[in-house]
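Peer 1: Coordinates for the following, if possible.
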Amino acid sequence: MDGDEEYSAYVGARWNTLLRAAILLGCPVQEAEDLVQAALVKCYVSWDKVSKAHDRDAYVYRVLVNTHTSNHRRLWWRERPSPDMPMMAASNDVTALSDLTDSVQRALAGLGRESRAVVVLRFFADLTEQQTADALGIPAGTVKSRLSRALDHLAQDPNLCDLPGGANNDPRRRHSTATEYRG
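Peer 2: This next block holds a predicted model:
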């Protein structure tokens, strides 16, 4: 298989996962598509290097996160993506309409950019701690500490507390919270 075929196969297999990761990083659907496309163009240009990487997925996710970070450093007079596209009003994306998706996106929006990237790569992209560290260019211990703080923050997030399995649905949690307020 030559480089173009290998690249095409990789993109075909990973497009949806990369797109979801971009959405969970905080991009509207259209911006997420642009972000993934821009990251994959960067990967295509240096596909020889990407394909020889020790962990290709970690490499591609690092490019995705770096592209996301650099896109958000735009100066105010540069192009700004619009969240609403009039011709795209009739979306068939069922997940964008669900309460669960909305709650998770709101909760993730409450995290800082670095913590959010760790949570998305570790739990959504299902990367190991080491792969996440490699993708973000940070030590594995930093991944652990950011993840710990982010999970503590998410456990207290009101957007997630009312979901099935959320903190407000745990009878032990309700009791301890009620006790704290009484006394």
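Peer 1: So which helix or strand of the chain has the lowest pLDDT on average?
Peer 2: In the chain, no helix or strand scores lower on mean pLDDT, DSSP states H and E than helix 171-182, which sits at a mean of 37.
Peer 1: What is the helix or strand harbouring D102 packed up against?
Peer 2: Element membership of D102 [criterion: DSSP states H and E] is helix 99-109. Packed against helix 99-109 by the contact rule (3 or more C-beta pairs under 8 Å, 6 or more residues apart in numbering; DSSP states H and E) you find helix 3-24, helix 113-119, helix 158-161. In short, each C-beta sits where N, CA and C put it, glycine included.
Peer 1: Looking at those helices, which is nearest to L100?
Peer 2: helix 158-161 (9.7 Å; C-beta to C-beta).
Peer 1: List the buried residues in that closest one.
Peer 2: Residues N159, L160, C161 are the ones in helix 158-161 that count as buried (16 or more other C-beta atoms under 10 Å).
Peer 1: Any regions of the protein where pLDDT drops low?
Peer 2: Counting by pLDDT under 70, the chain contains low-confidence ranges at 73-98, 162-183.
Peer 1: at 80 instead, please
Peer 2: Applying pLDDT under 80 to the chain flags residues 1, 71-102, 159-183.
Peer 1: Which positions within the helix holding D102 qualify as buried?
Peer 2: Across helix 99-109, burial judged by 16+ other C-beta under 10 Å covers S103, V104, Q105, A107, L108.
Peer 1: Out of the helices and strands packed on helix 99-109, which is the most enclosed?
Peer 2: Among the helices and strands packed on helix 99-109, helix 113-119 has the highest mean neighbour count (mean count of other C-beta atoms under 10 Å), at a mean of 21.
Peer 1: how much space between the residue nearest to R116 when sequence neighbours are not counted and Y44?
Peer 2: Leaving aside its sequence neighbours, R116 sits nearest to L108 (C-beta to C-beta, 6 or more residues apart in numbering; 5.4 Å). Taking C-beta to C-beta, to the nearest Å as the measure, L108 falls 29 Å from Y44.
Peer 1: One more: A13?
Peer 2: Note on A13: its distance to Y44, by C-beta to C-beta, is 15 Å.
Peer 1: now do E31
Peer 2: For E31, the distance to Y44 - C-beta to C-beta - is 20 Å.
Peer 1: Of the two, give the one with the bigger neighbour count.
Peer 2: More neighbours surround E31 than the other of E31 and Y44, with 19 against 15 (other C-beta atoms under 10 Å).
Peer 1: Now name the helix or strand holding that one.
Peer 2: Using DSSP H and E, the element containing E31 is helix 29-45.
Peer 1: And that helix, what's buried?
Peer 2: Neighbour counts using 16+ other C-beta under 10 Å place 29, 31-40, 42-43 of helix 29-45 among the buried residues.
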